[in-house]
Structure formats: C-alpha cells, structure tokens
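In: after the sequence you'll find the predicted model.
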Amino acid sequence: MRTRTPLAYCLAAVLLLTVTACGDSDDDNKPDPMRDDQWALDALHLPDAWSTSKGDDTVIAVVDTGVDPDHPDLKGRLVDGHDFVDNDDSPKDLNGHGTHVSGIAAAHTDNGVGIAGGAPGAKIMPVRVLGADGSGSNQNINLGIKWAADHGADVINLSLGESGLMAKLLRGGTLNAAIKYAYGKGVTVVAAAGNDGDDVQTYKVGTPVLVVGASDTDGAPASFSNFGVDDAVSAPGVDILSTLPTYRTKETLKDTSGYGKLSGTSMASPYVAAVAALLHHEGLKPDEIMSTIRSTAKNPKNNTKLGLGVVDAEAAVKKKDS
C-alpha cells in the first residue's frame, strides 16, 4: 500500500487575499506595486545583495504542488518541469502552495506587476509531487528530487516539513538518499524545518541539506517553527506575501486575485533557496553555498531556536568576494 504524506501546511496559514495585483506591464524598470508589503526581503537584506548578484540563469526546482503556468508575475520565469502525480509534463498547481513558494523564490521583479522575487534573475523548475489536497507519496517526492537533479536544477527547494514526513525521516530517512544524489550532481538542497514547534533532528546527520526554520517580523523564532537541526538557519516565515493561482484551488477558494499571505517554514525555505541561487551565480559549489549562508547568518541574542541565525543575503554575497 502506498503511503501518503500531507504537505507541510503553514501554521496559521491564513490567506489575506484582499490584496490585488496592479499593472500589466512587462517593463523591467517599473517598481512592483506590492513591494512595500514584502517585509521579508528587507529583513534578509536581499535588495542590497542584488547589486552583486540576482541569480541570473540559475534554476531553482520547486518540488511541491506545481505552479500556475500563466501567472503574470511568473511569466518568463519558468523552465520545463514534470508532474509525477499525473505522469505528464504539465505540472499545473491545483493546490496553491507551490505557486506561493515559487513566487517567493523568483517572481518577476521590477515589471510593474505584483511582487518581487528573492532571486530576480533565477528561473523556476516546477516539479509536481503533491496533489490538489497537498498530499503525495514518498516515492514521488524521491523521484521528483532525482528528476530535478538530472534535468538541470542548480538549487532544489523542499517545502515539505510536516509531522508525518518528519517521523519517517527520523526513522532513517526516506529522502536522505535522494538528497545525497542531488548533492552528488552539484545541486544545493534547501528544506523547510517543519511547523510543529518541536526540537527535532529532521534529516539524518550528514545529509547535505540546508534546513530552514521560520522567523517573525521581530527576528525572533516563529512559534510554530521546528528547531534543533544541526547547522540550521532561519528566514522570515510569517505573513509572507507571494503569488497564488489565478484560478480556484484549495488556497484560493475565496479569491483568485493571484496574491496572498501564508505563514510557515514552507515560506522561509524558498527565501534561502533564493540566496543560494545568488551564490550559485557567483560560482560557488553546494558545500560553499551552504557554509557561506551559515557563517553569515545573524543571531545577536544567541537564540537557539533560530539555529545559526537569520540569513543575511548581503553579507553572504559580500563574503564570497572577501
């Protein structure tokens, strides 16, 4: 019997879909009208890092529920992906989670539409391994990771942390081998820590993965965020504005405006994947990318629940040049 694993939905994942997109221009010199609502970009010092790197031509695979292929803020940001749920090459998002994660990582920036992505020059590879209800088989998740690694991904984002999956990982790790496979192909793997508020070692020690917890607007650990993973970092994961499908899905039942806010480590992880993309464009290898992000994270109060600290994109790209 095939085991099914629910997606790591965000604690307090309340959609604020009263937000609407403004503008329809493809002009790359027009500011994004929702940029002022993206507190996380400033907390991570991402705009200050963009003068050094925007992650141009780096491919971030989002192994998740798929993507809205026609979203105006993801137009031109997508490369070919795959759908392991329906076994085809059209990974359309029927849930909403994957589209939200994708926008955080690399939404079109300065196009006069919606929001800015964390890595404005990067591309998104949508790999659908989770269905409309947010669940998926461990087999498909493993296949999705390996497929992405074999088809040109430079960074893989796994916003999959939920208690059922965590329990399986702690018992030996159904995903550890797939993550090691991707690392062996030169891919940096970034993964959400999970939303149970627990002290857990999510992945087997030695697995080459950068685990990300969630922080709030004050830079403190989010109440729902798991912690305790060796060498984990944190990034904003509360009230994160991003893209959502422009059609009805589980996450867009009341509004199909294309934007909304979610909370969870699922939102923190793609911001760190974006920073990884900036460093990949600068020529760093996966181990160098992970060590640079870890060594430049900020934790002034030595809060153990933040792991090594909140990621600092500007410090990371500057360290590369030091």
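Out: On my side now, so go ahead. Since the model is a prediction, treat every value here as computed from it, not as a measurement.

In: so where is the stretch 201-322 of the chain shaky, pLDDT-wise?
Out: Low-confidence segments of the stretch 201-322 of the chain, defined by pLDDT under 70: 320-322.

In: please redo it, this time with the cut-off set to 90
Out: 201-206, 230, 320-322 (pLDDT under 90).

In: which parts of it are helices?
Out: Here the stretch 201-322 of the chain has its helices, by DSSP state H, counting those that start in this stretch, at 265-281, 286-296, 313-320.

In: deepest of the ones you listed, which one?
Out: When these are scored by mean count of other C-beta atoms under 10 Å, the highest mean neighbour count falls to helix 265-281 (a mean of 31). Yep, even glycine has a C-beta here, placed from its N, CA and C like the rest.

In: and the angle from it to helix 313-320?
Out: Interaxial angle of helix 265-281 relative to helix 313-320 (axes from the mean of the first three to the mean of the last three C-alpha atoms, to 10 degrees): 30 degrees.

In: which ones are touching the nearest residue to residue 39 once chain neighbours are set aside?
Out: Once flanking residues are discounted, residue 39 sits nearest to residue 217: 5.9 Å by C-beta to C-beta, 6 or more residues apart in numbering. Shown in contact with residue 217 (C-beta atoms under 8 Å, 6 or more residues apart in numbering): 39, 43, 236, 238, 239.

In: who does the host helix or strand of residue 156 touch, helix- and strand-wise?
Out: In the assignment (DSSP states H and E), residue 156 maps to strand 155-158. When contacts are defined as 3 or more C-beta pairs under 8 Å, 6 or more residues apart in numbering; DSSP states H and E, strand 155-158 sits against strand 59-64, helix 138-150, strand 188-192, helix 265-281.

In: how about the ones you listed in TSV, adding distance to residue 258?
Out: Output for the helices and strands packed on strand 155-158, formatted as TSV (distance: least, C-beta to C-beta, whole Å):
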stretch	distance to residue 258
strand 59-64	17
helix 138-150	25
strand 188-192	23
helix 265-281	17
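
In: re earlier: starting from the strand holding residue 156, tell me which strands it pairs with and how they run.
Out: strand 59-64 (parallel), strand 188-192 (parallel) (DSSP bridges).

In: hmm, residue 197 is touching residue 226, no?
Out: Yes - the criterion here is C-beta atoms under 8 Å, and residue 197 meets it with residue 226 at 6.8 Å.

In: of these two, which one has the most company?
Out: residue 226 (28 against 15; other C-beta atoms under 10 Å).

In: gap between the more buried one and residue 179?
Out: Taking C-beta to C-beta, to the nearest Å as the measure, residue 226 falls 17 Å from residue 179.

In: mind checking how far the most centrally placed residue in the chain is from residue 300?
Out: When C-alpha atoms, centre = their mean is applied to the chain, the residue found nearest the centroid is residue 270 (1.9 Å). Note on residue 270: its distance to residue 300, by C-beta to C-beta, is 25 Å.

In: in JSON lines, list the contacts of residue 217 along with distance to residue 210.
Out: Output for the contacts of residue 217, formatted as JSON lines (distance: C-beta to C-beta, whole Å):
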{"residue": "39", "distance to residue 210": "22"}
{"residue": "43", "distance to residue 210": "18"}
{"residue": "236", "distance to residue 210": "16"}
{"residue": "238", "distance to residue 210": "20"}
{"residue": "239", "distance to residue 210": "23"}
